[in-house]
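**Student:** I'd like to go over a predicted model; first the sequence, then the structure.
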Amino acid sequence: MREEIKSAQLPQGWAKTQLSDLFIDPKSEVVDGPFGSNLKAAEYTDAGIPILRIQNIDRNKLVNKNIRYISEEKADDLSRHNYQVGDIILTKLGDPLGKACIVPPSIQRGIIVADLVRLRLTHDYIDKKWLVHVINSPVIANQLKLLTKGSTRPRVNLSHIRSLCIELPPLPEQHRIVAKIEGLFSKLNEGVAELKKAKEKLDLYRRALLKAAFEGRLTEKWRKEHADELESAEELLARIKAEREKRYHQQLEEWKQAVKEWESQGKPGKKPRRPRKPKELPPPTEEELSELPELPEGWVWVRSGLLFESVTSGSRGWAKYYSLDGAKFIRITNMDYNSLELDLSPEKIQYVKLPGNLEGTRTKIKKGDFLFSITGYLGMFAIAPDLDEAYVNQHIALVRPLPWFRKRYVGYYTISESGGRLYLEKQRKGAVKAGLTLDDIQMFPVPLCSLVEQDIIIKELTKQLERINHLTQTISSALTRAELLRQSILKKAFSGKLVPQDPNDEPASELLRRIKAEREKVAKEKKPTRKTHKKKGVQT
């Protein structure tokens with residue numbers, strides 16, 4: 001970066017240098033954490049000397065959560081990688097790179113991990129807060145992006161950090177820049193905090209709305225006005241079971257006809273598969289009902305499987321069929337917790353081209369099918385639109401619903417934090433990798449009401465949720481603009497346009513000269529002296 005340092009015009013009194021030139025002893029004052037082999041996970045303890053990791057570092061803020069510890073003895077072995085109050089810590093791995101903050105008094109001292117860098121200023125020629133703001137600014141962010149261009153996992157090494165190009169203003173101007181930034185950021189932070197509160201309130205309202213819908217409170221007034229038009233719970237359940245049985249017999253007759261045709265043609269290929277008899281599902285137990293909300297008269301708790309024709313998991317090992325076009329291959333990345341819609345944006349779509357001899361009909365999606373995430377991120381749900389030809393992978397359960405209920409009604413219940421999502425989350429299995437079984441998908445309780453009331457609930461939820469989503473998006477856009485404004489402030493600050501220059505300020509070149517003089521003095525003091533043997537005149 002030396003070539004870059006020599007070019008470009010600077011504001012009055014400023015000087016270009018690199019980060020290491022701001023320190024008296026860069027080798028001991030600008031250090032990263034120990035290599036992984038020197039700090040193993042097994043050496044972490046429940047108490048002792050704190051370890052700072054990437055997740056503990058944010059811009060201008062140390063996140064004092066999920067702190068890990070090591071023993072005093074181990075900390076002594078790693079003392080070169082220590083930090084103390086007032087040090088600057090920055091990240092050299094992740095996206096974004098270079099997040100920096102000052103260690104507050106609440107942390108005191110500890111050790112950093114390999115993907116962090118500790119900066120320790122031991123003089124008063126640089127305003128520490130100014131330096132943190134520089135590191136968090138687009139000035140440094142752009143340099144780090146160039147260093148990691150094309151990398152799938154952005155990372156820089158310690159030499160990259162030490163050689164970062166810094167445009168240094170005079171010390172009084174550093175103080176003025178810090179004061180101006182903090183004044184502007186204070187107002188900006190107040191606005192951001194209010195926006196985040198509003199977003200949290202919308203989320204709480206959304207949860208409360210869904211909860212009220214499936215406890216019957218959302219349509220309580222309507223139900224009283226239309227009491228004579230509604231089916232009873234017993235009638236509704238009996239009709240569902242009768243229609244389910246009727247559906248099976250219809251499929252059985254269709255199968256018998258298909259077998260006759262197959263036999264008349266000389267039995268080519270495999271014999272048509274006999275349809276499975278609907279699985280007998282027990283009603284929710286007394287214990288389960290005791291944990292569920294009490295339903296209004298005319299509603300009934302049913303097992304979700306009563307509403308499904310079939311349930312299967314997706315296809316495994318299809319990565320070898322990935323292609324730039326072809327059939328869509330739906331994955332968990334296409335799903336969301338708070339929506340019934342699939343995210344089919346171009347960057348999230350994966351295509352597959354299947355060989356002709358591959359049996360894929362089992363996992364082929366039809367319009368209106370239910371999709372449940374069953375590994376990792378549990379409880380995500382979507383209703384499939386018309387996808388032409390599409391399949392699901394093994395992390396998704398493909399459910400074919402029966403036609404005797406409103407799909408969006410069950411969909412909204414499934415994504416409700418107090419409804420289907422809560423139940424499925426409780427069924428989480430596996431200590432390392434969470435997963436649901438297909439039985440879990442068929443066994444969760446669903447509060448069923450009449451079709452007429454389902455329609456009313458869908459209409460009201462759709463209207464209210466669209467309003468909530470619109471307001472949430474508006475707030476998210478405002479938060480994005482606030483962050484852009486923050487970056488604009490920093491960009492102006494470190495190009496000399498945020499505060500005026502004062503010709504009476506001592507130029508930054510003098511600061512660098514003093515730092516260099518102290519560096520040379522320290523180096524000379526550290527240099528070992530040579531002793532001379534007086535009698536023989538031999539140096540030893």
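**Tutor:** Received, thanks.

**Student:** residue ranges of the helices in the stretch 201-350 of the chain, please?
**Tutor:** 220-225, 233-264, 286-291 (DSSP state H, counting those that start in this stretch).

**Student:** Export only the CA atoms of the last one, formatted as PDB.
**Tutor:** In PDB, the C-alpha atoms belonging to helix 286-291 read as follows (Å, rounded to 0.1, in the frame of the first residue of the first chain):
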ATOM      1  CA  GLU A 286     -56.100 -35.100  27.500                       C
ATOM      2  CA  GLU A 287     -52.500 -34.100  28.400                       C
ATOM      3  CA  GLU A 288     -52.100 -32.400  25.000                       C
ATOM      4  CA  LEU A 289     -55.500 -30.700  25.300                       C
ATOM      5  CA  SER A 290     -54.600 -29.300  28.700                       C
ATOM      6  CA  GLU A 291     -51.700 -27.400  27.200                       C
END
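
**Student:** That helix packs against which elements?
**Tutor:** Contact partners of helix 286-291 among helices and strands, from 3 or more CB pairs under 8 Å, 6 or more residues apart in numbering; DSSP states H and E: none. (Each C-beta comes from the backbone N, C-alpha and C, glycine too.)

**Student:** that older thread, let's have the helices of the stretch 201-350 of the chain in a markdown table, adding mean pLDDT and distance to residue 358.
**Tutor:** Shown next, in a markdown table, are the helices of the stretch 201-350 of the chain (pLDDT from 0 to 100; distance: least, CB to CB, whole Å):
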| stretch | mean pLDDT | distance to residue 358 |
| --- | --- | --- |
| helix 220-225 | 93 | 50 |
| helix 233-264 | 87 | 22 |
| helix 286-291 | 91 | 41 |
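
**Student:** So for residue 59, which of the ones you listed sits nearest?
**Tutor:** helix 286-291 (43.1 Å; CB to CB).

**Student:** Give me the distance from the closest one to the chain's centre.
**Tutor:** 34 Å (CA atoms, centre = their mean, to the nearest Å).

**Student:** Show me which residues of stretch 326-339 are buried.
**Tutor:** Across stretch 326-339, burial judged by 16 or more other CB atoms under 10 Å covers 327-332, 334-336, 338-339.

**Student:** tell me the two of those that are most distant?
**Tutor:** 327 and 338 (27.3 Å).

**Student:** Tell me the helices and strands packed up against whichever strand or helix holds residue 182.
**Tutor:** Following DSSP states H and E, the helix or strand that holds residue 182 is helix 171-213. Identification of packing neighbours for helix 171-213 by 3+ CB pairs under 8 Å, 6+ apart yields helix 128-135, helix 407-415, helix 451-493.

**Student:** If I take it and helix 451-493, what angle do their directions form?
**Tutor:** When axes from the mean of the first three to the mean of the last three CA atoms, to 10 degrees is applied, the directions of helix 171-213 and helix 451-493 differ by 180 degrees.

**Student:** I'd like to know the average pLDDT value across helix 171-213.
**Tutor:** The average of the pLDDT scores along helix 171-213 is 97.

**Student:** ditto for stretch 460-476
**Tutor:** Rounded mean pLDDT across stretch 460-476 is 97.

**Student:** need the buried residues of stretch 326-339 in a markdown table with distance to residue 176 and pLDDT, can you?
**Tutor:** Listed next are the buried residues of stretch 326-339 as a markdown table, based on distance: CB to CB, whole Å; pLDDT from 0 to 100:
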| residue | distance to residue 176 | pLDDT |
| --- | --- | --- |
| 327 | 61 | 93 |
| 328 | 57 | 95 |
| 329 | 57 | 95 |
| 330 | 55 | 95 |
| 331 | 52 | 94 |
| 332 | 50 | 93 |
| 334 | 50 | 96 |
| 335 | 50 | 95 |
| 336 | 46 | 92 |
| 338 | 45 | 90 |
| 339 | 48 | 91 |
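
**Student:** Of all the residues in stretch 490-497, which ones are buried?
**Tutor:** Counting neighbours by 16+ other CB under 10 Å, one finds that the buried residues in stretch 490-497 are 490-494, 496.

**Student:** Span of stretch 384-401 from start to end?
**Tutor:** From the first residue to the last, stretch 384-401 extends over 11 Å; the measure is CA to CA, to the nearest Å.

**Student:** ah, wrong one, I meant stretch 89-109
**Tutor:** For stretch 89-109, the end-to-end distance is 12 Å (CA to CA).

**Student:** buried ones in that stretch?
**Tutor:** So stretch 89-109, judged by 16+ other CB under 10 Å, has buried residues 89-92, 97-103, 107.

**Student:** Can you pull the phi/psi pair for residue 165?
**Tutor:** The phi and psi values for residue 165, taken as degrees, to the nearest 10, are phi -80, psi 130.

**Student:** Hmm, residue 144 and it touching each other?
**Tutor:** No. Between residue 165 and residue 144 there is no contact under CB atoms under 8 Å: 11.2 Å.

**Student:** on that earlier part again, go through the buried residues of stretch 89-109 and say which is closest to residue 193.
**Tutor:** Of the buried residues of stretch 89-109, the one sitting nearest to residue 193 (CB to CB) turns out to be residue 101, at 18.3 Å.

**Student:** which ones are touching residue 103?
**Tutor:** 62, 83-89 (CB atoms under 8 Å, 6 or more residues apart in numbering).
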